[in-house]
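K.L.:
sequence and predicted structure, then a few things I'm wondering about:
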Amino acid sequence: MHLPQPEYDASTPIGIFDSGVGGLSILRHIHALLPHEALMYFADSGFAPYGEKPESVIVERALSIADFLIQQNCKALVVACNTATAAAIAALRAKYPSLIVVGVEPGLKPAAAQTKSNIVGVLATERTLASDKFQALHEQHTASGDVRFLQQACIGLADQIEKGELSSIQTVSLVRRYVEPLITQGADTLVLGCTHYPFVLEQIVAVTKSLHKEVNIIDTGDAVARHLQRLLEQAHLYHPSAPKQAPLTAFTTGSHSSLRSAFKVLLGLSPEVREVSVAPT
Ligand code: DGL
C-alpha cells in the first residue's frame, strides 16, 4: 500500500538517514555541495549497528524511518548507509515511487579504474557483503576485468565509531586487523564500503604507511552528493540559493547528547537534535 505523500517544493528539506553517525560522512558532502538545501538527519543509534542484524529487521527499520521523515515533509530521501541500501532500497522505492530516493554502495567501479595491482580491498559490514545487491555488483565488476576484490567484513568497527572512539587502542587494533591482510595480499586500493569508515581514514592510512604502502582510498560520499544534485535538478526541486543559512535538524533513536557531540566533533556543526522513536507502521 502506498502512503499519501505530502506536497513539497524546492525549499522542502532533504531527509538523510543511517544506523547512526556514519551517514554524517555523506551529509558533509551534501552540505558542502548544496549549502542552500535544508537537511534533516536521522540517526537510528538506538538500533545500531545494522551490519550484524538480519535483513528483515533492517528493511523494517528503513521503512519506518522513511515514513517518519516523509511525515516531517522531505522532498528526497538519502539512504546514507550501505547496509540499509543493500537491504531496503528496493522496498523504499516500491513504497514511494514518486520520491527521489538515493542510496550508497561500495565504490567497486572507481576502485577498478584506479587499481594498478588489480587487487582491491573492500571494507564493509557483514550484512552488506552477504547481500544479493553487493554480490550482483561484485559479479558485474569481476565478469568484465582482471580485478580481484578481497572482501573484508569489519565486525565491531562501526560500533567503535558509534561510541566516538575514533583513535582508541581498541579501534586502532581493529583497523589494523582488517586492513593489514588486504595490503599484504597486494591490495593497492581500499573501498570504504560503510559510511562510518571515513571517520577512521587517518587510522587506515596509518596502517598502510606502517607497511610502507601508498594506497588509493575510495569514498563515494562526493559522488552521492553530485548524483542527488542531478536528480533534484531534473525534478525541478533543486534549491539554488537562500537568503539565510538553510536549516539543519536532526533526530535520533539514541541519545541526543551523543548525536549533538558527533555533529560537533565530526563536522563542526550544531543542529537542533530531538530524541524520537519510530515503530513499524
Ligand atoms: N553505516 C552503515 C553502512 O554504511 C553501517 C554501520 C552499521 O553496522 O550499522 O553500512
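P.N.:
Sure, I can see it.

K.L.:
how many residues are close by residue 14?
P.N.:
25 (other CB atoms under 10 Å). C-beta here means a position set from N, CA and C on the backbone, and glycine is covered the same way.

K.L.:
how about the strands of the stretch 1-150 of the chain, start to end?
P.N.:
Using DSSP state E, counting those that start in this stretch, the strands of the stretch 1-150 of the chain run over 14-18, 39-43, 76-79, 100-102, 119-124, 148-153.

K.L.:
centre of the chain versus the fifth one, how much separation?
P.N.:
If I follow you right, that is strand 119-124. 16 Å (CA atoms, centre = their mean, to the nearest Å).

K.L.:
strands paired with it, and their directions?
P.N.:
When pairing is defined by DSSP bridges, strand 119-124 lines up against strand 148-153 (parallel), strand 189-192 (parallel).

K.L.:
buried set for the longest one?
P.N.:
Burial within strand 148-153, assessed by neighbour count using 16 or more other CB atoms under 10 Å, is assigned to 149, 150, 151, 152, 153.

K.L.:
out of the residues you listed, flag the one nearest to the ligand.
P.N.:
The nearest member of the buried residues of strand 148-153 to the ligand, counting by CB to the nearest ligand atom, is residue 153 at 10.2 Å.

K.L.:
look up which residues are beta-bridged to the closest one.
P.N.:
Bridge pairing for residue 153 - DSSP bridges - gives residue 124.

K.L.:
check contacts around it.
P.N.:
Residue 153 makes contacts with 51, 124, 125, 126, 129, as judged by CB atoms under 8 Å, 6 or more residues apart in numbering.

K.L.:
what helix or strand is the residue nearest to residue 214 when sequence neighbours are not counted on?
P.N.:
Spatial nearest neighbour of residue 214, excluding adjacent residues (CB to CB, 6 or more residues apart in numbering): residue 208 at 7.2 Å. Assigned by DSSP states H and E, residue 208 belongs to helix 201-210.
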